[in-house]
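1. build me a model from this:
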Amino acid sequence: MRCGMPITQEMKLLSEPLHSIDREGVFEGYASLFGIADLGKDVVMPGAFADSLKKRGVNDIRLLWQHDPSEPIGRWLSIAEDRRGLKVCGKLNLAVERAREIHALLSEGAVDGLSIGFRVERARAERPTGLRRLEKLDLWEISVVTFPMLPGARVDRVKQAREDLADRIRSTASRLFS
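-> Take a look at the predicted model:
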C-alpha cells in the first residue's frame, strides 16, 4: 500500500501474437533482467552470471520446458549478459515432439515466458524491503515457461525478423523519398 492506496497489478496484452519464433525454431529474448524484483522478491544484479557463463559455457546450460529436467527441448545458441540482463538465443529441436508443440505455442503467442534455474553463490538481503540481491549465480538451465517468476523475462522477436522489417522500412522509405 502506498499513501493509503492499494497497489493493483496491471497486465497489458498484445492483440496479436509477436510471431516471435522462426520456422526453424530459433528465438531470442531475455531470461533475466537486472535490477528488477521478481515475484519472489529476488533481484539479479549485473555480473551475477559472468563466472558461471565462463565456467559452463553455452553448451552446459540446458534449454528445458517448465524447468523439467526430463523435458529438454533444444539448445542455447548464445547466452550473454548485456546492460539490460541475460540475453539468450535458443533453437528448439523440432525432431522432439514437445519442442514442436512449444514451437506452435510460441508462434501463436500462447507461451512466451523465460525462467532461470540456478544455485545462489552470493546474495545479500535488504531490510526492510525484504528483497534479496543476487550477486553471483551458478546458472544451470533456462526454461521456456507459461508464467515466469520475473514477468519481463520473455521471448522476443527473432533477430532475422527484425532485420527483415528494417529492410522493408528502408525499401519503403527509399520509394517514398526518391
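2. contacts only, for Gly47.
-> 81, 135 (Cβ atoms under 8 Å, 6 or more residues apart in numbering). All C-beta spots, glycine's among them, are computed from the backbone N, C-alpha and C.
3. give me the pLDDT for Asp22.
-> On the pLDDT scale, Asp22 is placed at 76.
4. name the SS class of it, please.
-> Classification of Asp22 using DSSP: H, G, I helix; E, B strand; the rest coil returns coil.
5. for it, the count of nearby residues, please.
-> 17 (other Cβ atoms under 10 Å).
6. so Asp38 makes contact with Leu150?
-> Yes: Asp38 lies in contact with Leu150 (Cβ atoms under 8 Å); the separation is 4.0 Å.
7. shaky segments in this protein?
-> The chain contains residues with pLDDT under 70 at 1-20, 157-178.
8. what segments of it are strands?
-> Remark: strands assigned in the chain by DSSP state E are 26-33, 42-44, 62-65, 68-81, 85-92, 113-125, 132-145, 155-156.
9. list the buried residues for the fourth one?
-> Within strand 68-81, the residues that qualify as buried by neighbour count (16 or more other Cβ atoms under 10 Å) are 71-74, 76, 79, 81.
10. just to revisit the earlier point, could you dump the strands of the chain into CSV with distance to Ser52 added?
-> Below are those laid out as CSV (distance: least, Cβ to Cβ, whole Å):
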stretch, distance to Ser52
strand 26-33, 12
strand 42-44, 12
strand 62-65, 13
strand 68-81, 10
strand 85-92, 10
strand 113-125, 8
strand 132-145, 4
strand 155-156, 22
